[in-house]
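Undergrad: Following is a predicted model, sequence given first.
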Amino acid sequence: MGTVPEDLTRVPDLSSTGGLHTEEMVLNVGPQHPATHGVLRVLVSVDGERIVRAEPVIGYMHRGHEKLVEQRDFRQITNLLSRMDWLSGINNEIPASLAVERMLELEVPRRAQYLRVILAELNRITNHLMFTGSFGLELGATTPVMYAFRERELIQEALELVTGGRMHFGFIRPGGLKEDVPRGFVELARRGVRQLVAKIPDYENLLMGNEIFKQRTVGVGRLDPALALDHGVSGPILRACGIPYDIRKVDPYLVYDEFEFDTPLGAQGDSFDRFWVLVQEMKESARIVEQALDGLPEGSHIGAVPKRLTLPKGQIYCHAENPLGELGYYLVSDGGNKPYRLKIRTPSFSNISVAAHMLRGAFVPDMIAILGSMFFVVGDIDR
Amino acid sequence: MVTTLHHILANSIVLLALKLGILLLLLPATLVVGYVELKVMAHMQHRLGPMYAGAYHGWAQTLADGLKFIQKEDIMAAATDRTVFSMVPYITMLGAALTFVVIPFSRHGVIANLDIGLFYALAVSSISVIGVLAAGWASANKYSLMGGLRAAAQLIAYELPLVLAAAAVAMQAGSLSLVSIAEAQRYVPFALWAQPLGFLIFLAAATAEVSRTPFDMPVAEAEIITGAFTEYSAMKFAFGLFAAEYIAMIGMSALAATLFLGGYVPLLPQLRFVPGPVWFLIKTGLLIFLLIWIRWTFPRLREDQLQKFAWKVLIPLSLVNIFVTGALKLAHWT
């Protein structure tokens, strides 16, 4: 007869786990995982299916944009910046041009300003449609993404007609635009937004009206407004918490103050509200596009810009409402034709910083519902 | 005409061929259902779906997919439990296919008309879960383990309402033999009369049994990447996951069609000239279409929400259903 091993004689304290002793397991979600929108890596410690700790590990996709732009002149940098958040190139390009224009005190023709607004809002719609579809996909509903792409296509066509590109546009120049819009653009853009507005009730019924969708999202991943502000969260995620922070309203740039549009606000700050805000914002963008198309002034697409763009010595911070939140460029110039330093504040980077708090205590399936409603682009996190 | 067809179907050689054919036809049937699913899904999603393979509306797409799977390299990770890992496709396929032994395609077109056919069908349909659990464990992958455990947890949730809904049918028909149950529904299917609630409960539980949306948590690709079958590749993947899933789906639809829609029994006495197997295929096909429709419409639930749904809604409802069925039987109302 041997002796009884000590482990077997000891009665573990099982009161906290409902009588079951369970081991924690470290789950490495990503960088290759279908729900991480590319290559976000999240280190998750799970107890069964409940998340004990979750830590987004960023940097897998770092491409050094901030350093690369130091080697390029002010016209070239827009093409690089367009590639950070690959879903909303136009919106990335605009604040960079704004920074140059403000430092040089360049006059931008009104037609160019209007067209910038139109392009930016169309791009916002394509971005939002992408997330509308992919969020359904992550919850297991495979059909909404196909619907979203159907509506996206017309608007993509309009953007393609103008810029020649479907993702990386490189169309905004300091002082205005690369070219004027071609014939047929106004009609195509109008058709695109009208079709979208007509189809939005479909999304609302298919997803937000679905009992299962509500069960998966209402009260899931609730974000406290104070916590959100501490982490610099912005965009639809912040507005879903009920904070009316929209740079188009609080610090109007371009000609946004000439248009009538609302800022949809959530109340709970949960996944459902974030998704709801996203869908409502598409309607507001469509309103802006319609107004801008109606009032599109005649004139030149670009102002008087010197051939050689040299910025005076100095610095400027310029921010704009990217579809995902606040995009800011802090531009330092040493008097040359290239930026001395460009610090980029991307919305996804700040937004994902709050994920660790939101994921704690959630279930593994909730993790997908939470990450899916954080609306991030990995290229925008790592840049 | 009617009598000749029935005579032909009663002929022993024809019957033997039919019985063998049922099992031999299971694999081609999965290809057909797979193709139908691709097409139905595509049209629901504003697409055309496969259009090229086989030249006519992509009819050979699933066949081409199957051939592709045969050509693929069979990859097994170093830490895999190879024996168990390789056994899994057999188990999942077997569990799914065994149901067909007792399902009547016509009055005599049944491989074995067991007296306890219903009991048998429900028992063997749960075998596949052992395969999924084994796959989750043998894969040496954390996602697979989660998938396997989810499948096991799901079994506990849906198995009871499934059995209880079927029990009410057995009470109603007064038999456990599937042929007698079908015969008891001559011209009035149970889904329309006496067991509509049981039909809905059975459909919900059957959806969970075959792990399809909204109850596809064991294979949720956005969460745990096809769960227990993450590590599977080539033919093991094709058989262990696809073929098993489609056979199980056909099997559960056939079972539900027999239990609640009368299986091979014509819906109207005037339509008796249509042979039994045709009725059976129509009814099964309708239910398969329903499952496909649901799958491409709904998001997926969470595992704990399924448990809640099963224990707090489905089981009490099926108990009520049994009680009402018994009371009505006693009162000779049905």
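TA: Sure thing, it's come through. Numbering: from 1, shown residues only, chains lettered A, B, ... in the order given.
Undergrad: switch to C-alpha atoms for all contacts and neighbour counts from now on
TA: Fine.
Undergrad: For stretch A:64-78, C-alpha coordinates in CSV please.
TA: Below are the C-alpha coordinates for stretch A:64-78, written out as CSV (Å, rounded to 0.1, in the frame of the first residue of the first chain):
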residue,chain,number,x,y,z
GLY,A,64,6.4,53.2,-40.4
HIS,A,65,4.1,55.7,-42.0
GLU,A,66,5.3,58.5,-39.7
LYS,A,67,8.9,58.0,-40.7
LEU,A,68,8.1,57.4,-44.4
VAL,A,69,6.3,60.7,-44.8
GLU,A,70,9.5,62.6,-43.7
GLN,A,71,11.1,61.5,-47.0
ARG,A,72,8.3,62.8,-49.2
ASP,A,73,7.1,66.3,-50.2
PHE,A,74,3.7,67.7,-49.2
ARG,A,75,2.0,66.5,-52.4
GLN,A,76,3.3,63.0,-52.1
ILE,A,77,2.4,62.4,-48.4
THR,A,78,-1.3,62.2,-49.2
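Undergrad: Give me the buried positions along it.
TA: A:65, A:66, A:69, A:70, A:73, A:74, A:75, A:77, A:78 (16 or more other CA atoms under 10 Å in any protein chain shown).
Undergrad: Give me the residues contacting stretch A:346-354.
TA: A:56, A:227-228, A:231-235, A:237, A:322, A:324-328, A:374-378, A:380-382 (CA atoms under 8 Å, 6 or more residues apart in numbering or on different chains).
Undergrad: What about the residues you listed, which are in helices?
TA: Using DSSP state H, A:227, A:228, A:237, A:378, A:380, A:381, A:382 are the members of those that sit in helices.
Undergrad: any chance of these in TSV, plus distance to chain B?
TA: Listed next are those as TSV, based on distance: CA to the nearest CA, whole Å:
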residue	distance to chain B
A:227	27
A:228	26
A:237	22
A:378	17
A:380	22
A:381	21
A:382	22
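Undergrad: What does the closest residue to residue A:274 other than its chain neighbours show for phi and psi?
TA: Distances taken as CA to CA, 6 or more residues apart in numbering or on different chains put residue A:240 closest to residue A:274, at 5.0 Å, once the chain neighbours are dropped. Main-chain dihedrals, residue A:240, degrees, to the nearest 10: phi -70, psi -20.
Undergrad: hang on, the earlier thing: so, if you compare the buried residues of stretch A:64-78, which one comes nearest to residue B:71?
TA: residue A:65 (42.8 Å; CA to CA).
Undergrad: Which residue is the nearest non-sequential neighbour of residue 94?
TA: Looking at chain A here, since you left the chain open. residue A:172 (6.4 Å).
Undergrad: You answered for a different chain; I wanted chain B.
TA: Using CA to CA, 6+ apart, the nearest residue to residue B:94 is residue B:128, at 7.4 Å.
Undergrad: Distance check, whichever residue of chain B sits closest to chain A against residue A:129.
TA: Of all residues in chain B, residue B:299 sits closest to chain A, at 4.0 Å by CA to the nearest CA. In this view, residue B:299 and residue A:129 are 18 Å apart by CA to CA, to the nearest Å.
Undergrad: Quick one: name the residues of the stretch 101-250 of chain B near chain A.
TA: Contact residues, the stretch 101-250 of chain B versus chain A (CA under 8 Å from any CA of the partner chain): B:142, B:146, B:213, B:214, B:220, B:221, B:222, B:223, B:225.
Undergrad: you'd agree the fourth one is up against residue B:292?
TA: No: distance between residue B:214 and residue B:292: 11.1 Å, which falls outside the contact criterion (CA atoms under 8 Å).
Undergrad: Compare these two and say which one has the larger neighbour count.
TA: residue B:214 (23 against 20; other CA atoms under 10 Å in any protein chain shown).
Undergrad: For residue B:296, see how far away that one is.
TA: Taking CA to CA as the measure, residue B:214 and residue B:296 are separated by 9 Å.
Undergrad: Okay, and which of the residues of the stretch 101-250 of chain B next to chain A map to helices?
TA: Among these, the ones falling in helices (DSSP H) are B:142, B:146.
Undergrad: Flag every buried residue along the strand or helix carrying residue B:316.
TA: Assigned by DSSP states H and E, residue B:316 belongs to helix B:315-330. For helix B:315-330, a neighbour-count test (16+ other CA under 10 Å) marks B:315, B:317, B:318, B:319, B:321, B:322, B:325 as buried.
Undergrad: which one of these is nearest residue A:134?
TA: Distances from residue A:134 to the buried residues of helix B:315-330, taken by CA to CA, are shortest for residue B:315, at 34.3 Å.
Undergrad: so how far is residue B:301 from that closest one?
TA: Taking CA to CA, one finds residue B:315 at 18 Å from residue B:301.
Undergrad: Repeat that for residue A:374.
TA: Residue A:374 is 20 Å from residue B:301, by CA to CA.
Undergrad: my guess is the residue nearest to residue A:94 contacts residue A:93, does it?
TA: Yes: using CA under 8 Å, residue A:172 is in contact with residue A:93, at 6.1 Å.
Undergrad: out of those two, which sits in the busier spot?
TA: Neighbours per residue (other CA under 10 Å) separate residue A:172 from residue A:93, with residue A:172 holding more: 30 against 27.
Undergrad: List the beta-bridge partners for the more buried one.
TA: Note on residue A:172: beta-bridge partners residue A:177, judged by DSSP bridges.
Undergrad: any common contacting residues for residue A:172 and residue A:93?
TA: Common neighbours of residue A:172 and residue A:93 (criterion: CA under 8 Å, 6+ apart): residue A:78.
Undergrad: What's the local residue count around residue B:24?
TA: 11.
Undergrad: now the buried residues of helix B:315-330 as TSV including pLDDT?
TA: As requested, the buried residues of helix B:315-330 are exported to TSV (pLDDT from 0 to 100):
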residue	pLDDT
B:315	91
B:317	91
B:318	91
B:319	92
B:321	89
B:322	90
B:325	86
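Undergrad: Just put those in a markdown table and tack on distance to chain A.
TA: Output for the buried residues of helix B:315-330, formatted as a markdown table (distance: CA to the nearest CA, whole Å):
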| residue | distance to chain A |
| --- | --- |
| B:315 | 19 |
| B:317 | 19 |
| B:318 | 22 |
| B:319 | 24 |
| B:321 | 24 |
| B:322 | 27 |
| B:325 | 30 |
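Undergrad: Please give me every residue in contact with residue B:213.
TA: So residue B:213 contacts A:140, B:207, B:294, B:295, B:296, B:298, B:299, B:300 (CA under 8 Å, 6+ apart).
Undergrad: What does the pLDDT read for the nearest residue to the last one once chain neighbours are set aside?
TA: On the basis of CA to CA, 6+ apart, the spatially nearest residue to residue B:300 that is not a chain neighbour turns out to be residue B:214, at 4.1 Å. The predicted local distance difference test score for residue B:214 is 82.
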